[in-house]
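Engineer: please work out how this folds:
(chains A and B)
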Number of protein chains: 2
Amino acid sequence: MTAPLRVALLGRGTVGSAVQRLIEEQADDLAARIGRPVELAGIAVRRPAHHTDVPEHLLTTDAAALVRRDDVDLVVEVIGGIEPARSLLYAALEAGKSVVSANKALLAEDGPGLHAAAAAAGVDLYYEAAVAGAIPLLRPLRESLAGDQLRRVVGIVNGTTNYILSRMAETGAGFAEALAEATELGYAEADPTADVDGFDAAAKAAILASLAFHTPVSAADVHREGISAVTATDVARAAEIGCTVKLLAICERVTDKPDGGAASDSVAVRVHPAMIPTTHPLASVGGAFNAVFVEAEAAGQLMFYGQGAGGEPTASAVLGDLVAVARNRVAGASGQGPTGYAALPVRPMAETPTRYHVSLDVADKPGVLATVAQEFAHHGVSISTVRQDGRDDAATLVLVTHSAPDAALSATIAALRDMPAVRGVTSVLRVEGLS
Amino acid sequence: MTAPLRVALLGRGTVGSAVQRLIEEQADDLAARIGRPVELAGIAVRRPAHHTDVPEHLLTTDAAALVRRDDVDLVVEVIGGIEPARSLLYAALEAGKSVVSANKALLAEDGPGLHAAAAAAGVDLYYEAAVAGAIPLLRPLRESLAGDQLRRVVGIVNGTTNYILSRMAETGAGFAEALAEATELGYAEADPTADVDGFDAAAKAAILASLAFHTPVSAADVHREGISAVTATDVARAAEIGCTVKLLAICERVTDKPDGGAASDSVAVRVHPAMIPTTHPLASVGGAFNAVFVEAEAAGQLMFYGQGAGGEPTASAVLGDLVAVARNRVAGASGQGPTGYAALPVRPMAETPTRYHVSLDVADKPGVLATVAQEFAHHGVSISTVRQDGRDDAATLVLVTHSAPDAALSATIAALRDMPAVRGVTSVLRVEGLS
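Structural biologist: Residues are numbered from 1 along each chain as shown, chains lettered A, B, ... in the order given. Okay, the predicted model is just below:
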């Protein structure tokens, strides 16, 4: 058989070890699929002493030298974070090596720059593992649906927050209690900020939106709210209206059609907790699973479901990419990269249409509902449903709005908080997927 | 811009019309994605008089001449059936045209031959639309999961039978009544044989198994049972044990480990109705939707969900393939084809491990359960659960077996039918997905 393709592996944590194992175990399969064998040329680690199970000649602490080595054809990066990963990937691409990465933070921050470097060198940059772990999602978005027009991509793309919200729904616990349990069981990291505050989901949303809408979107373009403000009351209120609370990454193409003007499209990308109907396909995605729901003009509704994290599932996605870039290398071609040709404007959250669920404690006397309804109308927000439950001299008012610009909705909530008749705003959460 | 890539469209029914419309409407997008514009060179139809909305110069009745024309780069086949589609595809491939097809029957019958012709000519043969309509499934199987080892692919891949079974569960109707309703509403064709008897699902199973296990599997290798024998009693019995009845296409890699011998793998591919737990992700796939559940060594459990049929969804899948083969043509390369290198043996149904649910009407007297249990034991089938409900002198016995070779299970059922103590076998159905 011909000479092997040689792979530099950057990082050997949970994912890196699984990638190494799969490359070794599946050697025959990989050779058959690619047309040439694949072998490891070297593994860059910080502390070689921690990797005594690896032949010493494979280990190096000098990742920068490894990615430039003449005997390296392909680079797999599973270090994560911005630096040194960014410099290493630019070095690899500029040296003509195709790159497979699982680095969502880096791709969300610098995707266009890295893609430009790959295109300039005529090599591939693939990163299926960066979003939703093992779920084949990026390739379908950028290839299978390439002849269609995407309207929405809505995903549960963070397993930690999904686990916490699932537990809150099951046990009635508050956020702090459910987080403590998740930490104890290893579902949340010691510092859970990246997950809980939505940074991880926002990076994935940026990558999904970029591919879905052929428009460069970075993590900084994504409106981001985490789940730490979600209360047991929010979760209970959701259940009362047949909904469940999920942290959603939502990427939408929004079409404006001004009176007499031409229609113009923009993209809105956001991460926030929302109530969704329990009948929605995403509602039953529990625990640490991920799922992404896609709406396309011609294809209609699609859903992709699977494990969003973990060494083995992530390594499976890395290997799929590795086969693709290796085959391209053998064929002397490069694969279908993402395209930013549409370059749609990114819409600010304030102007993005959303719907709210609001629960209010109000005085139970004549005219309160009218006053509250007037406040919504004053901000141009129309109400879809109202339920009032009286008890003694107080009442609970539960409202779900129709769609309105997010700024109008938040201004309405601020105004309600100041109304004398409103004793308290007990729950405010956006609603998605209601008809 | 450079000269356009020219497409020959074979067939202009529901799917063909939608393909034509998308090629025209998405012209700018397609050009940006591919790097060259795409335009129709001709459309082959049987009766040009039925297509007066198409410019006359595009229409031809001579498909064989069209696919060989020098000004045609790519061929899209949406005629369906074996001939003339088969001859046309061979002619197109041999003339050096890449082909996109939605033809499950042809691919299931002659996939290896067509792939060999494509490989010999150095062109592409893609057919995402042939299985599960718009759901991106074949590309993930053959590319995204290329570095993983697949264990099982289980799908609901026929919308007509899924609609009928869903209605039987919802209304308690029998098969004939639910079929009549489906026919009236246009969910079933006037001659429903291909759907109801499982031919359509078997063709899709053959394609899925071929890709999943890198082994040529044709429709003739697929064990096939339709849903016409499913009774209202079967559906009711399923509900009693927390299950629902679905027509499943099941592709499995089965590993034999004989005592002291080396492990050997084979593939088992079958289509039959089965009870699955209502908690299984496939159980909630209702109506005309399709879904495919995949289990891989590293990736774990994945599910793909979406519309399995219809002009627009199918056309979306065709366009995705068209973009891919057009890009390959522009790059002077060909894409990742399926590989048959594993060439695993196909296991006969008789030797395939399955589980059965059996409901019996028996005489309610001492010793009957022992006699029945003995019959199972005699055939080497062990019983997982038994429930006995007595009423007067009769009783209902509901058994679910553990996994055993299908032949042993069917022999057990035959023997039970002959037992004096068994007054009737009221329901027999295989069970999938129970732990």
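Engineer: residue of the stretch 251-400 of chain A nearest chain B, please.
Structural biologist: Closest to chain B within the stretch 251-400 of chain A is A:L319: 2.2 Å, counting by CB to the nearest CB. (C-beta placed from N, C-alpha, C; glycine too.)
Engineer: ok but A:A65 is inside a helix, no?
Structural biologist: Yes. According to DSSP: H, G, I helix; E, B strand; the rest coil, A:A65 belongs to a helix.
Engineer: looking at this, A:G113 is in a strand?
Structural biologist: No. Judged by three-state DSSP, A:G113 forms no part of a strand; its state is helix.
Engineer: can you count the residues close to it?
Structural biologist: A:G113 has 14 neighbours, counted by other CB atoms under 10 Å in any protein chain shown.
Engineer: residues from the stretch 1-150 of chain A in reach of chain B?
Structural biologist: When proximity is defined as CB under 8 Å from any CB of the partner chain, the stretch 1-150 of chain A approaches chain B at A:18, A:22, A:26, A:29-30, A:32-33, A:128, A:134-136, A:139-140, A:143-149.
Engineer: write the ChimeraX selection for whichever of these are buried.
Structural biologist: With 16 or more other CB atoms under 10 Å in any protein chain shown as the criterion, this ChimeraX line picks the buried residues out of the residues of the stretch 1-150 of chain A next to chain B:
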select /A:18,22,26,29,30,33,128,134,135,136,139,140,143,144,145,146,147,148,149
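Engineer: which of the residues of the stretch 1-150 of chain A next to chain B fall within helices?
Structural biologist: Filtering the residues of the stretch 1-150 of chain A next to chain B for membership in helices, criterion DSSP state H, returns A:18, A:22, A:29-30, A:32-33, A:139.
Engineer: looks to me like A:A212 is in a helix.
Structural biologist: Yes. When three-state DSSP is applied, A:A212 is found to be in a helix.
Engineer: who touches it in this structure?
Structural biologist: Taking CB atoms under 8 Å, 6 or more residues apart in numbering or on different chains, we find A:A212 in contact with A:141, A:150, A:153, A:251, A:294.
Engineer: without its sequence neighbours, what residue ends up closest to it?
Structural biologist: Using CB to CB, 6 or more residues apart in numbering or on different chains and skipping the chain neighbours, the partner closest in space to A:A212 is A:L150 (4.5 Å).
Engineer: what residues does the one you found make contact with?
Structural biologist: So A:L150 contacts A:141, A:212-213, A:253, A:294-297 (CB under 8 Å, 6+ apart).
Engineer: let's see that with 10 Å instead.
Structural biologist: By CB atoms under 10 Å, 6 or more residues apart in numbering or on different chains, the residues touching A:L150 are A:141, A:208-209, A:211-214, A:251-253, A:267, A:294-297, A:299, A:302.
Engineer: secondary structure class for A:S284?
Structural biologist: Applying three-state DSSP: A:S284 is coil.
Engineer: against A:E128, how distant is the residue of the stretch 251-400 of chain A closest to chain B?
Structural biologist: 10 Å (CB to CB, to the nearest Å).
Engineer: so what's A:V45 closest to, chain neighbours aside?
Structural biologist: Computed as CB to CB, 6+ apart, the closest residue to A:V45 that is not its neighbour in sequence is A:R12, at 5.1 Å.
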